[in-house]
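J.: below are the sequence and a predicted model for it; my questions follow.
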Amino acid sequence: METLSLFWQNTGIYNLTSGNVIMMVIGIIFISLAIRKDYEPLLLCPIGFGIVVGNIPPVAGMALGYNEFNVIWDGGTLDFNRASVLSFFYFGVKYGIFPPLIFLGIGAMTDFSTMLSNPKLVLLGAAAQIGIFLTLLGSLYLGFTQAEAGAIGIIGGADGPTAIFLAAKLAPHYLGPIAIAAYSYMALVPVIQPPIMRLLTTRKERLIRMKPPREVSKREKLFFPVITFLVCSLIAPGAQVLIGMLCLGNLLKESGVTERLANTARNSLIDIVTILLGFAVGTSTQAQYFLTAESLKIFGLGAVSFAIATAGGVLFAKFMNLFMKEKINPLIGAAGVSAVPDSARVVQMVGQQEDPHNYLLMHAMAPNIAGVIGSAVAAGVLWSVIK
């Protein structure tokens with residue numbers, strides 16, 4: 001009977017809390033959204049399953065779950081003798097290894113031609129970053145520290161890897177809620193953005209057709225990643241890792257002599273890192289640390305910041321039209337957030353609901369890519385100022 005009693009006390013069922021159950025349900029909802037709604041399945045599937053795994057109560061003395069994992073995380077030093085299995089997965093998140101590798105893959109799969117062909121659209125990507133700084137102010141107002149507010153504010157850029165990178169540097173204790181909020185709103189781009197886009201534009205504006213992008217020379221494509229890295233890194237040294245990997249990936253793609261490396265970066269490498277990153281982030285959302293008032297504030301601020309970023313891009317496009325002979329469709333301003341390429345696809349979808357023959361996808365990719373660069377630079381600035 002003592003053996004049976006000891007066995008029962010060491011089961012997950014015995015130690016399960018209502019909070020663990022709630023988090024498991026949230027994880028299952030994430031998986032359901034990925035499969036049934038096709039909302040960012042490459043992210044929500046590993047994150048959702050990680051949430052379920054991370055909320056299985058650990059057994060004392062077994063280096064598997066969150067008890068040992070939390071000691072290693074908070075201690076600042078990785079003790080291999082005490083490290084849990086999950087802590088090794090989380091190593092790449094905590095020390096900022098996974099996000100730059102994601103940026104390498106993004107650079108290797110992205111064509112910057114549309115942005116180069118119409119550079120003024122870069123301003124839309126910059127305008128959408130207003131969500132970051134307004135959210136930072138809102139976080140300070142709600143009582144978060146400067147470092148915590150900086151990490152929370154980056155959610156407004158709708159860039160998951162950047163949010164994880166900055167949160168790991170400034171507020172690692174809130175990394176779970178920040179990462180989940182960032183990826184949740186990225187996945188909900190098709191739900192959140194269209195109503196805002198329609199509210200802020202008239203039907204006449206949504207029907208605007210834009211000229212096809214001009215053809216960009218190979219020389220321009222080769223110069224762009226090098227010049228972009230130098231300019232952005234000199235302005236915000238804290239962004240050099242993210243921007244550097246993004247530009248390296250793009251250089252591998254455009255050089256024409258490193259196709260094997262570019263192919264690896266945009267396929268197998270980014271897929272492996274996405275699995276590990278998503279799973280590790282999911283397992284860090286234990287109920288006792290995740291279901292708090294601060295986490296709810298972070299989710300609320302994230303929703304507001306994403307809406308502000310979308311509105312900022314659209315409104316700035318309308319502002320630009322006041323001074324331009326060749327008008328731009330204000331819908332593409334919504335793509336200034338960094339959710340690549342989902343926000344650009346949403347622009348295409350909303351535009352074609354008004355005019356099935358209006359193709360805005362390529363135009364929307366310009367502010368979309370600019371938003372990725374802008375959010376990375378914003379993260380570098382915040383890190384430099386708040387550190």
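T.: Yes, it's here.
J.: which helix runs longest in this structure?
T.: For the chain, the helix with the greatest residue count under DSSP state H is helix 293-321.
J.: would you mark the buried spots in that one?
T.: Judged by neighbour count using 16 or more other C-beta atoms under 10 Å, the buried positions of helix 293-321 are 294-295, 297-299, 301-318, 320-321. Where you see a C-beta, it was placed from the backbone N, CA and C, and this is true even at glycine.
J.: so who does the residue nearest the centre of the chain touch?
T.: Centroid check for the chain by C-alpha atoms, centre = their mean gives Gly160 as the closest residue, at 1.7 Å. Listed by C-beta atoms under 8 Å, 6 or more residues apart in numbering, the contact partners of Gly160 are Leu43, Ala179, Ala182, Tyr183, Met186.
J.: phi and psi next, for it.
T.: Dihedral angles of Gly160 (phi, psi; degrees, to the nearest 10) stand at phi -60, psi -50.
J.: which strand or helix spans Val372?
T.: Assessed by DSSP states H and E, Val372 sits inside helix 361-386.
J.: pLDDT weak spots in the stretch 1-150 of the chain?
T.: Along the stretch 1-150 of the chain, the model assigns pLDDT under 70 to residues 59-84.
J.: helices of that one, start to end?
T.: Using DSSP state H, counting those that start in this stretch, the helices assigned to the stretch 1-150 of the chain run over residues 2-9, 12-15, 18-36, 41-54, 66-75, 85-94, 98-109, 113-117, 122-127, 130-141, 146-153.
J.: using a markdown table, lay out these together with distance to Arg219 and mean neighbour count.
T.: Rendered in a markdown table, the data for these read as follows (distance: least, C-beta to C-beta, whole Å; neighbours: other C-beta atoms under 10 Å):
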| stretch | distance to Arg219 | mean neighbour count |
| --- | --- | --- |
| helix 2-9 | 69 | 9 |
| helix 12-15 | 60 | 11 |
| helix 18-36 | 41 | 17 |
| helix 41-54 | 34 | 22 |
| helix 66-75 | 47 | 18 |
| helix 85-94 | 36 | 21 |
| helix 98-109 | 18 | 24 |
| helix 113-117 | 11 | 20 |
| helix 122-127 | 19 | 23 |
| helix 130-141 | 33 | 20 |
| helix 146-153 | 38 | 26 |
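J.: of all these, which lies closest to Val257?
T.: Closest to Val257 of these is helix 98-109 (C-beta to C-beta; 13.8 Å).
J.: for that closest one, name the packing helices and strands.
T.: Applying 3 or more C-beta pairs under 8 Å, 6 or more residues apart in numbering; DSSP states H and E, we find helix 98-109 packed against helix 160-170, helix 240-255, helix 259-264, helix 270-283.
J.: neighbouring contacts of that helix?
T.: Counting by C-beta under 8 Å, 6+ apart, 92, 161-162, 164-165, 225, 241-253, 261-263, 265-266, 269-270, 273-274, 276-277, 280, 340, 372, 376 sit against helix 98-109.
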